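1. Please find the sequence and the predicted model below.
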Amino acid sequence: MTRALAIVVAAAALMCACHDSREPRIGDKELAELEAFNNRKRYADFTPAILASIPDSDVEQAIVDYVHIKIGDDVEHERQIVAKLPIGAQALYITWSVDSETRSGGFYQYFESDSAEYADQAAEAFEFFSAHDHAALMREANSVHALDIERQRLKGQNGGFEDSQLGPLDDRFKDLKEDLSALRIAKIRSMPEFFSGK
């Protein structure tokens, strides 16, 4: 799990715990981490020099923030906006979405989320970072999801989580040995022009 995602998940869990007086209150360290995350610098544009100035621990989140800034409130045109961004920013955004959704709720949650509109590009996005195992599993997940939809169509009903065949892929995704974050950071460092467009 990436550092930023871990901070958000931990903070959310702790905030929920604060509503129950029997649970410990959120600690100063967690509050400071959440405050730092919420007040992080966001970039509306990147150059290779700006990317080089961002520490490895923050560079993936910075690119995701950049994509979110570009999308803004125009979620109806998100896919068109993302398609105009540098190829590296697109790939990071797509793989980040798969990783985040799948780690928090599995492939079923991913395919039920808005992020699934990029499912047809996700395997290629993983390949961009040489995350070949992630790409292979994503292709398998896309195939299983397509079969789930076909089964539902033939039954004439909408299936739910319990009807999906995606479940066994969730643990396999979490158990992949590839360090996706390290692969993404390595690509950002070796080819910053693919993320900055300059």
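-> Right, received. Where do you want to start?

2. what's the domain layout of this protein?
-> 1-39, 42-196 (automatic domain parsing).

3. Can you name every helix or strand that the helix ranked longest in the chain contacts?
-> Assignment by DSSP state H gives helix 87-112 as the longest helix of the chain. With contacts taken as 3 or more CB pairs under 8 Å, 6 or more residues apart in numbering; DSSP states H and E, helix 87-112 sits against helix 3-18, helix 56-71, helix 78-83, helix 119-128, helix 132-155, helix 167-174, helix 180-190, helix 193-196. To be clear about C-beta, it is placed using only N, CA and C from the backbone, and glycine gets the same treatment.

4. swap the cut-off to 6 Å and go again
-> With contacts taken as 3 or more CB pairs under 6 Å, 6 or more residues apart in numbering; DSSP states H and E, helix 87-112 sits against helix 56-71, helix 119-128, helix 167-174, helix 193-196.

5. For my notes, please list these in JSON lines and give mean pLDDT and mean neighbour count for each entry.
-> What follows is these, written out as JSON lines (pLDDT from 0 to 100; neighbours: other CB atoms under 10 Å):
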{"stretch": "helix 56-71", "mean pLDDT": "96", "mean neighbour count": "18"}
{"stretch": "helix 119-128", "mean pLDDT": "98", "mean neighbour count": "20"}
{"stretch": "helix 167-174", "mean pLDDT": "92", "mean neighbour count": "14"}
{"stretch": "helix 193-196", "mean pLDDT": "93", "mean neighbour count": "20"}
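
6. Let me know the helix or strand that residue 26 is in.
-> Counting by DSSP states H and E, no helix or strand carries residue 26.

7. So for it, what's the pLDDT?
-> Predicted confidence (pLDDT) for residue 26: 72.

8. any weak-confidence spans in the protein?
-> Flagging of the chain using pLDDT under 70 yields the residue ranges 1-25, 156-163, 197-198.

9. mind running it again at 50?
-> Counting by pLDDT under 50, the chain contains low-confidence residues at 1-3, 5, 7-11, 14, 17-21.

10. quick one: residue 35 and residue 29, what's the gap?
-> According to CB to CB, to the nearest Å, residue 35 stands 11 Å off from residue 29.

11. typo on my end, it should be residue 49
-> 33 Å.
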